[in-house]
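Trainee: Predicted coordinates and the sequence they were generated for:
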Amino acid sequence: MSQIYASFKSIGAYVPEKILSNADLETMVDTTDEWILKRTGIKERHIAADDEVTSDMGAKAARLAIDRADIDKEEIDLVLCATVTPDYFNMPSTACIISDKLGIKNVQAFDISAACSGFVYLLTVAKAFVESGMKKNVLIVGAEKFSSIVDYTDRSTCILFGDGAGAAIISATSKKEEAFVDVHASADGSYADFLVTPAPGTVNPVSQKVLDEGLQYVQMKGNETFKLAVKTLTKDVKEILAKNEINSDEIPHFIPHQANYRIIKAVGDALKMKEEQVVLTVGKYGNTSAASIPMAINDIWESGRLQNGELMLLDTFGGGLTWASALLPFAGKAK
Ligand SMILES: CC(C)(COP(=O)(O)OP(=O)(O)OC[C@H]1O[C@@H](n2cnc3c(N)ncnc32)[C@H](O)[C@@H]1OP(=O)(O)O)[C@@H](O)C(=O)NCCC(=O)NCCS
């Protein structure tokens, strides 16, 4: 029997219409366009409509990914969603709701929680399901309505985040040249307080205290997170390249998590990446957490920059703390 490999067949994304610019934020908190641009590289971010929920955005991205993979939705046998801003915090999962919105019936569906690392974590899960022979076509979705947990009076966080979704189809193949080269994911819960949304949950069930203290909003130790992100990502990406005996100049598309331009620049410089190798969307989308990497992949696909067989190097870092990297060829059709 021939070996089965996981391959990255297609990409899709959805960006909500409404734009929140730095100029808009200047009217909401004590900040300036200049400060935000200099410290983060972010010019604007997109915000979902009031009645637009995470599964709506995820389903829109997923429809594109399914169409572009040239498969019928009936061929999908697993639906996975990475989000920390689910439609419902307890149940049902956003993956179940996305499946229903797409008319995908009777297949396994569940969410994972790995914050900004969610999409690359999903690659590890999809790979395991496909390469064990349990599933053939996995729909993976990273979708976030981060604006629903952002305190728009807190200037240290509200400037960073945006909403959106990205999706991909991961399929079984017997062709080694289409296979994921490597994926790696890790976590360290001792840094849990670096990025935390204190409520709702068993630590802080919904109560008047939660609302009075704003515990439903994301809290972040920004500077500490920044420093650890640069250190961890640089080490992680160097390791995955060394392990697979690939030089950074052989990577046409370095697609890092889009949290902060300065983090991306520091890691890119440490790897001696040239500007044209590094995919940058943080300026126009901000940090969209689990949606950030697939939205960035979609950007280069839609602009015709991503060709069949080209290697992508992904790296990400987020709440948990979690981090992950992946090295894989794009096994789908170019635009
Ligand atoms: C949030 C972040 C942009 C802040 O930049 P920084 O250079 O670390 O700035 P600091 O937090 O040290 O704050 C420096 C000063 O700017 C101020 N400041 C914070 N936000 C500000 C804003 N939006 N506008 C103006 N000033 C601001 C602070 O109050 C502080 O003032 P002080 O020196 O008078 O106390 C940066 O730490 C960051 O991007 N961290 C990583 C965040 C991240 O990626 N999180 C998600 C991981 S997936």
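Mentor: Ah, there it is.

Trainee: What residues does the protein have near the ligand?
Mentor: Contacts of the chain with the ligand, taken as C-beta under 6 Å from any ligand atom, map to 31, 35-36, 39-40, 116, 155-156, 159, 220, 222-223, 225-226, 229, 259-260, 287, 317-318. (Glycine included, C-beta is placed from N, CA and C.)

Trainee: and stretch 106-116, which residues are buried?
Mentor: Neighbour-count burial for stretch 106-116, with 16 or more other C-beta atoms under 10 Å as criterion, is recorded at V107, A109, D111, I112, A114, A115, C116.

Trainee: ditto for stretch 267-276
Mentor: Residues V267, G268, A270, L271, M273 are the ones in stretch 267-276 that count as buried (16+ other C-beta under 10 Å).

Trainee: who's in contact with the closest residue to the third one other than its chain neighbours?
Mentor: The spatially closest residue to A270, leaving aside those adjacent along the chain, is T234, at 4.5 Å (C-beta to C-beta, 6 or more residues apart in numbering). For T234, the contacting residues are A266, V267, A270, L271, taking C-beta atoms under 8 Å, 6 or more residues apart in numbering as the criterion.

Trainee: Next, the contact list for the first one, please.
Mentor: Taking C-beta under 8 Å, 6+ apart as the criterion, A266 is in contact with V230, T234.

Trainee: Are we agreed that it is in a helix?
Mentor: Yes: per DSSP: H, G, I helix; E, B strand; the rest coil, A266 lies within a helix segment.

Trainee: hmm, back to that, could you measure from the residue nearest to A270 over to the ligand?
Mentor: Remark: distance between T234 and the ligand (C-beta to the nearest ligand atom, to the nearest Å) = 15 Å.

Trainee: For that residue, pull up the helix or strand it's in.
Mentor: Secondary structure assigned from DSSP states H and E places T234 in helix 222-243.

Trainee: how far out from the middle of the chain is that helix?
Mentor: 17 Å (C-alpha atoms, centre = their mean, to the nearest Å).

Trainee: What mean pLDDT does it get?
Mentor: Mean pLDDT, helix 222-243: 94.

Trainee: swap in stretch 153-173?
Mentor: The pLDDT scores in stretch 153-173 average 98.

Trainee: For the remainder of this discussion, apply numbering that starts at 230.
Mentor: Sure thing, new numbering starts at 230, so read that last one as stretch 382-402.

Trainee: Now do the end-to-end distance for that stretch.
Mentor: In terms of C-alpha to C-alpha, to the nearest Å, the two terminal residues of stretch 382-402 are separated by 49 Å.

Trainee: Report the buried residues of it.
Mentor: For stretch 382-402, the neighbour count (16+ other C-beta under 10 Å) marks 386-402 as buried.

Trainee: Give me the three-state assignment for G371.
Mentor: Strictly by three-state DSSP, G371 counts as strand.
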